[in-house]
Structure formats: structure tokens, C-alpha cells
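Trainee: Structure, please.
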Amino acid sequence: MINVNSIQKVLEEDGIIFLTYGGTLTQSLIVAMTEALEKETQEAELSMGLASNIFTVFIELAQNMMNYSKKANKEGFDPKGLILVGRTHDGYYYVFSQNIVDKVDKEKLEEKLKKITSMTKEEIKKEYRNARKSGKDKHKKGGGIGFYEIAKKSQTIEYNFIDLGDGKYYFQFKAVIGKPS
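Mentor: All right, here's what the predicted structure looks like:
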């Protein structure tokens, strides 16, 4: 049975949730969710800039989850996760994601995210431009610069790793994007 009290608590604490999904992610599903999100942003009459930032962050996080999620209790790849887009009571939009990563990925992510969260917006933009030009952090799924892109588009980013044992971790990430002017 669904615990409605838990859902109500999220709504009371975090505000309105426009989109939520938990399960296996595919490229076609990400496209469908982006279309639904586009409709929500149009109905909310958000500026093009704010809507674009929400889409960018959502797509980056969804693709990261789809490409790098691990199985909880055994070796291997498992493109599952949880992603939601919402608005806080004070009007800020956010994207939250959670998926399972292994210890190696945790260490890479943590190193990169510690660096990013210690940087100013100008430093983030500069590092993003340098990474795009140089191709550093290149890996087979993309350019390795998605978190710089997210940080550029966000007011704040937060992350957390929860130890699941067996070298696996829940990787939780929240980007607060902005609010309508």
C-alpha cells in the first residue's frame, strides 16, 4: 500500500512536485518525461531561460543515471534510479536524483563534486569552457563535463552518498535552479 502520509510530508516540506519517476531509465523515456516537463513549464508560464535551465539539469541527471547506475547487491550495470522535479514553497525549482553507484564511481564523483562546490560561478564557467576545448575527463559516454553544466545552470547543488554495503552507494544529487522573476 502507498503511504500517503510520506507523500504528503514531501509536499509539505519541499513544495510542489511536477514530475517524479522511479525505475528503469531509457532514452525514449527521458524524451517523454522532457515533453511532460515542457508542458508543465509552459502552464506555469516560466521564462525561456528558467525552463531551459530546468530541462538541461533534468536531462543531464537522467542521462547520468541511465548510463552509470549499478546493481544494488551484485556486479553489473542497472539503469535504474529516482528523479523528480519540483518547486519549493519559496518558488525555487529543483531537480533531485538518486541512483546506485559503486565505490570507484563514488570516489570519482566525490572528487569532482567537491571541486565544483568549492568554485565560484566564474570559475565553474571557465573550467567548463576549458574542459570542452581540451576534451579532458573524456569517457566513452560523454565529455565528463555534465556536472559543470549543471552547476552553471543552478543556484546551488548538493550531493550525498549513502553506504549500502558491498561497495555500493546511493548517490543523491539535488540542483536548485532558480525561481521566476
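Trainee: Going by C-alpha atoms from here, please, whenever you check contacts or count neighbours.
Mentor: Noted.
Trainee: In contact with the residue nearest the centre of the chain, which residues?
Mentor: With distances taken as C-alpha atoms, centre = their mean, the residue of the chain nearest its centroid is residue 61 (3.5 Å). The contact partners of residue 61, by C-alpha atoms under 8 Å, 6 or more residues apart in numbering, come to residue 97.
Trainee: That one should be in a helix, yeah?
Mentor: Yes - counting by DSSP: H, G, I helix; E, B strand; the rest coil, one finds residue 61 located in a helix.
Trainee: per-residue confidence for it?
Mentor: Here, the pLDDT recorded for residue 61 equals 94.
Trainee: For residue 150, grab the count of nearby residues.
Mentor: 24 (other C-alpha atoms under 10 Å).
Trainee: next one: stretch 42-61 to chain centre, how far?
Mentor: 13 Å (C-alpha atoms, centre = their mean, to the nearest Å).
Trainee: can you pull the buried residues of stretch 81-94?
Mentor: For stretch 81-94, the neighbour count (16 or more other C-alpha atoms under 10 Å) marks 81, 82, 83, 84, 85, 86, 87, 88, 92, 93, 94 as buried.
Trainee: what about that stretch, how long is it end to end?
Mentor: The straight-line separation of the ends of stretch 81-94 (C-alpha to C-alpha, to the nearest Å) is 17 Å.
Trainee: Contacts for it next, please.
Mentor: Contacts for stretch 81-94 (C-alpha under 8 Å, 6+ apart): 13-25, 54, 58, 62, 65-66, 69, 95-100, 174-180.
Trainee: quick one: low-confidence parts of this structure?
Mentor: Flagging of the chain using pLDDT under 70 yields the residue ranges 1-8, 10-12, 14-15, 72-74, 76-77, 135-144.
Trainee: Apply 90 and report the result again.
Mentor: Within the chain, the ranges that satisfy pLDDT under 90 run 1-30, 36-37, 39-46, 63-81, 86-91, 128-145, 166, 179-181.
Trainee: I'm done for today, thanks for sticking with me.
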